[in-house]
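[1] Provide a 3D model corresponding to the input given below.
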Amino acid sequence: QPRWLAYGDAVTQGWLASAPAMAWPAVAGRKLGLDVCNFGYAGTARGETTSALLLAETPAEAVSIAFGLSNWSRVPHTTGLMAEEVRCFLSVVRQGHPDVPIVVVSPTARPDAEDTPNRVGATLAELRLAMEKTVLDTIADGDERLFLVEGLAVVDPEDLEDGMYPGDEGHRRLA
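    Predicted coordinates:
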């Protein structure tokens with residue numbers, strides 16, 4: 001089967017899905033006939049360059065990038081830092097996979113963080129917008145194999161099991 005590298009935070013890892021097979025990459029992988037390599041890291045995936053290098057050096061036919069919740073909380077980012085990390089991450093991954101489709105999923109809903117500034121003053125809504133704008137700018141600059149999925153439009157707050165992470169229905173909608 002074609003290999004899909006699914007990089008992301010706790011949502012990609014499958015946090016609060018009822019079983020590993022219910023995490024959105026597993027659901028989508030079955031549906032699309034892809035061999036999923038899940039690089040979901042709860043609490044630590046923030047678009048770090050070392051992960052981008054790993055993805056760039058691993059053979060694949062598809063790549064997804066889905067992070068942002070930890071950029072608001074665990075290691076707080078400003079909007080400028082978020083935009084630059086996304087830009088760098090995409091550049092490194094694209095160098096390793098010049099013709100592979102890359103799908104970026106912006107952060108899903110988190111009601112307590114949407115309008116609440118983190119320790120460095122950025123709300124999750126602002127970080128999401130910085131990520132989405134960076135992806136759209138990269139597409140406008142000519143990356144025709146880059147795609148954006150707006151996480152907020154896919155997972156509703158009602159899909160969140162604990163106010164932060166989607167349950168099985170939210171994972172199914174992401175898939």
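
[2] Identify the bridge partners of the residue most central in space within the chain.
    For the chain, Ala66 is the residue whose C-alpha lies nearest the centre (CA atoms, centre = their mean; 0.5 Å). Listed beta-bridge partners, Ala66: Gly8, Val105 (assigned using DSSP bridges).

[3] and it, what does it touch?
    By CB atoms under 8 Å, 6 or more residues apart in numbering, the contact list for Ala66 reads Ala6, Tyr7, Gly8, Asp9, Val11, Thr12, Val104, Val105, Ser106, Gly151. Every C-beta, even on glycine, is put in place using the N, C-alpha and C of the backbone.

[4] switch to 6 Å and redo it
    Gly8, Thr12, Val105 (CB atoms under 6 Å, 6 or more residues apart in numbering).

[5] Tabulate the residues you listed in a markdown table, adding columns for pLDDT and neighbour count.
    Shown next, in a markdown table, are these (pLDDT from 0 to 100; neighbours: other CB atoms under 10 Å):
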| residue | pLDDT | neighbour count |
| --- | --- | --- |
| Gly8 | 97 | 27 |
| Thr12 | 96 | 25 |
| Val105 | 97 | 25 |
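
[6] any chance of those in CSV, plus distance to Phe39?
    Formatted as CSV, the contacts of Ala66 follow (distance: CB to CB, whole Å):
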residue, distance to Phe39
Gly8, 7
Thr12, 7
Val105, 13
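
[7] hmm, back to that, what's the spacing between the residue nearest to the centre of the chain and Val86?
    Using CB to CB, to the nearest Å, Ala66 is found at 12 Å from Val86.

[8] just to revisit the earlier point, what's the closest of the contacts of Ala66 to Arg119?
    Taking CB to CB as the measure, Arg119 lies nearest Gly8 of these, at 22.5 Å.

[9] still on that earlier bit, and the contacts of Ala66, which is closest to Trp72?
    Gly8 (14.6 Å).

[10] I'd say the closest one and Phe39 touch.
    No. The pair Gly8 / Phe39 is not scored as a contact, 7.2 Å apart, by CB atoms under 6 Å.

[11] Neighbours of the closest residue to Ala113 other than its chain neighbours, how many?
    With CB to CB, 6 or more residues apart in numbering as the criterion, Ala113 has its nearest non-adjacent residue at 3.9 Å, and that residue is Leu124. Neighbour count of Leu124, defined by other CB atoms under 10 Å: 25.

[12] how much space between Leu124 and Pro2?
    With the distance defined as CB to CB, Leu124 ends up 33 Å from Pro2.

[13] His97 now?
    On the measure of CB to CB, His97 and Pro2 end up 13 Å apart.

[14] Between these two, point out the one with more neighbours.
    Ranked by neighbour count (other CB under 10 Å), His97 and Pro2 place His97 first, with 21 against 12.
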